[in-house]
Structures are given as C-alpha cells and as structure tokens.
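S.K.: coords below, sequence missing:
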Ligand code: MCA
Ligand code: AMP
C-alpha cells in the first residue's frame, strides 16, 4: 500500500534533524517535526470523519502549521482545497457549495463570521491561527504522532484549486498526486535543487506557485526554506546572505530592483532568482541584472498544469520568453480555426500535454471537454509562438483575463457586480499597464442619467462582494462604451485609451 506523493517525500527526506522550515521569528521545524506534526493533524482529520477523497477547504493565514495541514491531507488521501485569504463570505459560499467539503479550516478570527455558513454546508469546522493556535492544533497536540498513510495511486486527487472562469464562475481544477509529484521532480532537476538549498518563501500558499512549485520542490530536494508570512522587502533582504533561491511574481522583482540594498554584494550567496505567474518586463529583467549580476529565470505555468516551460538553468535566459517546454511536457501552437499545429514563428493558441496536466474541472464535465482535448492536450487560453531556437513566447491572451501582482482577475466577475448596482447601465473591466502590479484592474462604467454614483460608492459596494485585490484601482465614467459593428464592446480600444493612467 503506498501513498504516491507522500512516499516520494519520505524517499527524498534528509535526516530527521535537518531543517525544513525556519519561520520569521527563527523557529525551526525539522523534517522529523514535519513527519510528527502532519501525522498528528492527519489523525485529527480521520477522527473527525474525513475519508479518502473528501475535500478539506482551508482559508487560513500562511504558517508552518498550514503547510503541515496540506501534508496531512495528502497523507490521509483527502483533497486539499486552499482558498485565498482575501475571499469574502459571498465568494466562500460559492466554493463551499460547489466543492462540498467534509471539513473546513478557517482563521480563528473568522470562525464566528463563517460558523453558520459552514453548518449550512454540512461541514465540520476547525480553526487555525497564524501562530499555530486554534482548535486544530489543540486537538493535534494530544493526537498520536504515528499515522499509517492512506493508500493513494498516482491518479488519485490530491488537491482542487479554484481558478476563475471567463463566464465569471470559478472552476475547480482537479490535481492528482502524480500531477504534483511529476512536476516537483522535473523542476527539482531542471533548476538543480539539492538539499543544500535554502529558499526564501514569500508567496502566498493558496496558489500553485507558493504551494506546489515552492513547497513541493523543497520537499523532494530535502532542502529548507525561510517561510515568511508575505512579501516584505526588509525580511527578504535580511535573509539574502543565508539563502540560495527566491521564487516570486514580477512585482517582487520590480520592488526589489528599486531597493538600494539589493546589489551584487547582498545577493552573492544566491544562485537563482525565479519569476512567474505573470509576464516579467524586459526592463525589470535588465534592471535586476544590472544591479545584482543575476539573470532572472522566467518560467510559465497554470493552475491546471503546474509548470509547463522554463528558461534554462545553464543556457541563455532570454527576457520576454518563458523558455523551453519542461522535460516530459509537450507544448504546441495551434491554429484554432483550422485545428492544425502551426510551424515555428507563427502565433496561435498554446496547448500543453504531459503528466502535469490536470484531471478536469470539478463537477464541470462540459467545461473539461471544452478545454481538455481527448488526446490529452490542454487548451491554455494563452496566445504564443515557439521561435527557431525553441523558446516559447507568450504574446497575448485569448481569454479575457487581468493579471495583477500575480493574481488573476476575470473581468466578467467584476463587471457582473458593477452592473447590478442601481444607476449603472453597463461596465467594461480591463487591465492596463501598472508599474507595480503589471496590470491594474480598471473599470469603465456607463451610468443612467441622474444616477448619483461616484468612484467611492461603487468601490464601497464591491468591497463586500469581492476580494480586495479584484477591486478596480480606478473607475472611469463614460457616456458610452465603444462597440464594433456586431455590437461587442471593444476592450482593445478602451485599453489603448487608458494605457497611461497608472504611469
Ligand atoms: C495586494 N493588493 C493588490 C494585490 N495584492 N491589488 C492588486 N493586485 C494584487 N496582486 C492590494 C490589497 O488589497 C491592498 O489594497 C493593497 O494592495 C496593499 O495590500 P498588501 O497586502 O500590503 O499588498 P502587498 O503585500 O504589497 O502584495 C502585493 C504582492 C501580493 C506581494 C504582489 O499580491 C502577492 O504576494 N502576489 C503573489 C500572487 C501569487 O502568488 N500568484 C501566483 C498564482 P487595499 O489597501 O485597498 O486593501 S499561481 C499562478 O499564477 C500560476 C500557476 C503560476 O504560473 O504561478
Ligand atoms: P492561473 O490561472 O492563476 O494559474 O494563471 C495562469 C496564467 O498566468 C497563464 O495562463 C498565463 O496567462 C499567466 N502566466 C503564468 N506565468 C506566466 C509568465 N511567465 N508569463 C506570462 N504569463 C504567465
């Protein structure tokens, strides 16, 4: 009987005394502690009635204990479902009703606010605070430190991560044990991770980047990480001399490149800076290289596929490209009208196939069919090309999506909320260049005559409905939206008109 993902973690584990996590306040959690704590939490989950395949939804602040909860879910065959800490109650209601979790772990301070909803959904509630307090760890502290991992095959589900859809309804991407493991092993080898590595982990742990790319890579390398609660230049800079790798979204690098303390000397012990989740501007790439001598390695991934491509570790890392398909991952560029693959240099839809590609969308067989071809290729929604040297370039998006500071925002979701406000005729939400966030969410709104809405009232009403990172940074009121002859709103015209508002 084996547990596909956790057996591999055990196989690559260094000695028990080796550090796995060092927290902001210097607390050390060893690999031995990781085994003990994840076993104790797994025992609590099973005692609460969790069975293989049950979803466990988790909306908690980043902490070592939260990562132990993820590992406990893997060990007991449950399906880990992490949720952005910024989601509002109305957003959570959708996820809980869709995924029907058996157990929901929430931040201690949110337990009162969420108790009724969780009871309504028929789930058990546990709490977990960012200092390791809350009901979950109290119960875990008296649970057995031994746990027999539940048998899980390569294809059994390990996680569901929600990713917004173009229709506004979020889709739960079902990821198997082998989706996660195969990608972690590939990245470990491609980026040459060893047990000597120390990662600065400053990303949130409710997305693929911080949860799987960062954490799983460290685990299968037997390496260690500084687990920081969030992106904080002070905390990162203070650890540069003891670390070897940083993973971040482009905003991390934009901000670090502006800091005088980030230079050749302070980064001398670092071997690798990795960027992903959104396009890294060539300008940021160049500025960071000038200041530190390090060439940022950019890679490309998705919630549905983990990582697909990466610039090389040893070869040339080219700004504006996302590098080569990872070993074992196929990338093709398709002409969507003719449904034929395109030759080098031509732009089309990027499609990917490999052991990294997810199992489909939870409860949405028709969506799965639309995006996952029978031959295993996943239609990414990203437009790109492969150049003569084999480097993949992302040149645009076939999906209406804004990426702000590495978070995805689907305009349709924001537009639907704005359109429901009294006095609004219609709205169009777009992303326009933003120096810090890459793209800034911007709403262009048409009001009814005599409507008394202004920017603050619109934002005020959205606050209850949408996580704050989805809120427009600016709201622009216009008399009408530009339309083409078919009557479709021309977002490209709007993007052009407001291209410079954040510059
Ligand atoms: C925070 N705010 C934002 C964002 N983050 N607004 C727009 N976009 C954002 N990304 C807002 C807050 O709501 C708040 O607004 C104000 O900015 C300050 O909040 P604070 O928490 O202090 O922000 P920050 O610490 O400066 O955070 C910026 C950040 C963070 C460090 C860029 O957003 C971040 O860690 N992003 C990483 C996201 C990520 O991990 N993406 C990976 C997805 P107010 O004052 O109004 O409340 S996985 C993925 O994409 C695929 C698989 C892949 O390839 O990796
Ligand atoms: P998510 O749905 O959060 O997993 O976001 C995945 C999307 O982020 C991809 O489909 C791309 O549009 C975008 N993305 C991720 N990495 C990169 C990158 N290095 N360059 C450009 N876009 C990226």
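M.R.: Looks like it came in fine. Owing to the predicted nature of the structure, the values given are computational and were not obtained by experimental measurement. Ligands and ions are numbered 1, 2, ... in the order given.
S.K.: any idea how far residue 126 is from residue 56?
M.R.: As for residue 56, its distance to residue 126 is 9 Å (criterion: C-beta to C-beta, to the nearest Å). Where C-beta positions appear, they are placed from N, C-alpha and C, glycine not excepted.
S.K.: identify the contacts common to these two.
M.R.: When contacts are counted by C-beta atoms under 8 Å, 6 or more residues apart in numbering, the set common to residue 56 and residue 126 consists of 103-105.
S.K.: what about the residues you listed, which one has the most neighbours?
M.R.: Each of the shared contacts of residue 56 and residue 126 was scored by neighbours using other C-beta atoms under 10 Å; the highest score is residue 105's, at 29 neighbours.
S.K.: ranges for the helices of the stretch 1-150 of the chain?
M.R.: Across the stretch 1-150 of the chain, reading from the start of the chain, the helices by DSSP state H, counting those that start in this stretch fall at 4-11, 31-47, 64-75, 89-99, 111-120, 135-141.
S.K.: the ones you listed: which one's closest to residue 341?
M.R.: helix 4-11 (32.3 Å; C-beta to C-beta).
S.K.: same for that closest one, what does it pack against?
M.R.: Counting contacts by 3 or more C-beta pairs under 8 Å, 6 or more residues apart in numbering; DSSP states H and E, helix 4-11 is packed against helix 64-75, helix 177-190, helix 217-221.
S.K.: next one: phi and psi at residue 158?
M.R.: Here the main-chain torsion angles of residue 158 (degrees, to the nearest 10) amount to phi -110, psi -30.
S.K.: which residues does the closest residue to ligand 2 within the chain contact?
M.R.: For the chain, the residue closest to ligand 2 is residue 303, as judged by C-beta to the nearest ligand atom, at 3.5 Å. With contacts defined as C-beta under 8 Å, 6+ apart, residue 303 is in contact with 161, 163, 173, 207-208, 358.
S.K.: equivalent analysis for residue 119, please.
M.R.: The contact partners of residue 119, by C-beta under 8 Å, 6+ apart, come to residue 125.
S.K.: give me the outermost residue of the protein relative to its centroid.
M.R.: No residue in the chain has its C-alpha farther from the mean C-alpha position than residue 450, which lies at 42.0 Å (C-alpha atoms, centre = their mean).
S.K.: okay, that residue: pLDDT?
M.R.: Per-residue confidence for residue 450 comes out at a pLDDT of 92.
S.K.: backbone dihedrals for it, please?
M.R.: The phi/psi pair for residue 450 (degrees, to the nearest 10) is phi 70, psi 10.
S.K.: when you give positions from now on, start the count at 6
M.R.: Happy to do that; since the first residue is 6 now, the last one works out to residue 455.
S.K.: how many residues are close by the spatially closest residue to residue 381 that is not a sequence neighbour?
M.R.: Distances taken as C-beta to C-beta, 6 or more residues apart in numbering put residue 358 closest to residue 381, at 4.6 Å, once the chain neighbours are dropped. Applying other C-beta under 10 Å, we find 20 other residues in the vicinity of residue 358.
S.K.: quick one: residue 358 and residue 377 touch, right?
M.R.: No: counting by C-beta atoms under 8 Å, residue 358 stays clear of residue 377, with 9.6 Å between them.
S.K.: which ones are touching residue 368?
M.R.: Applying C-beta under 8 Å, 6+ apart, the residues contacting residue 368 are 103, 177.
S.K.: ok, residue 212 next?
M.R.: 87, 89, 166, 282, 308, 411.
S.K.: measure it to residue 87 for me?
M.R.: If you go by C-beta to C-beta, the gap between residue 212 and residue 87 works out to 8 Å.
S.K.: repeat for residue 161
M.R.: In this structure, residue 161 and residue 87 are separated by 18 Å, where distance is defined by C-beta to C-beta.
S.K.: okay, the two: which has more neighbours?
M.R.: Neighbour totals were compared for residue 161 and residue 87, and residue 87 leads with 26 against 19 (other C-beta under 10 Å).
S.K.: does the more buried one touch residue 214 like I think?
M.R.: No: if you go by C-beta under 8 Å, residue 87 and residue 214 don't touch, sitting 11.8 Å apart.
S.K.: among the shared contacts of residue 61 and residue 131, which one sits closest to residue 429?
M.R.: Distances from residue 429 to the shared contacts of residue 61 and residue 131, taken by C-beta to C-beta, are shortest for residue 109, at 33.9 Å.
S.K.: now do the same end-to-end measure for stretch 237-253.
M.R.: The stretch stretch 237-253 measures 12 Å between its terminal residues, going by C-alpha to C-alpha, to the nearest Å.
S.K.: do stretch 10-27 as well
M.R.: The stretch stretch 10-27 measures 23 Å between its terminal residues, going by C-alpha to C-alpha.
S.K.: can you show me the helices along the stretch 206-355 of the chain?
M.R.: Under the criterion DSSP H, counting those that start in this stretch, helices of the stretch 206-355 of the chain are mapped to 213, 222-226, 238-244, 255-262, 287-297.
S.K.: packed most tightly, which of the ones you listed would that be?
M.R.: Between the helices of the stretch 206-355 of the chain, the one whose residues have the most neighbours on average, counting mean count of other C-beta atoms under 10 Å, is helix 213 (a mean of 27).
S.K.: and it, anywhere near ligand 1?
M.R.: Yes: Helix 213 lies in contact with ligand 1 when judged by C-beta under 6 Å from any ligand atom; the contacting residues are residue 213.
S.K.: that helix packs against which elements?
M.R.: If contacts are counted by 3+ C-beta pairs under 8 Å, 6+ apart, helix 213 sits against no helix or strand.
S.K.: returning to what we had before: which neighbours do residue 358 and residue 377 share?
M.R.: Taking C-beta under 8 Å, 6+ apart as the contact rule, residue 358 and residue 377 both touch residue 383.
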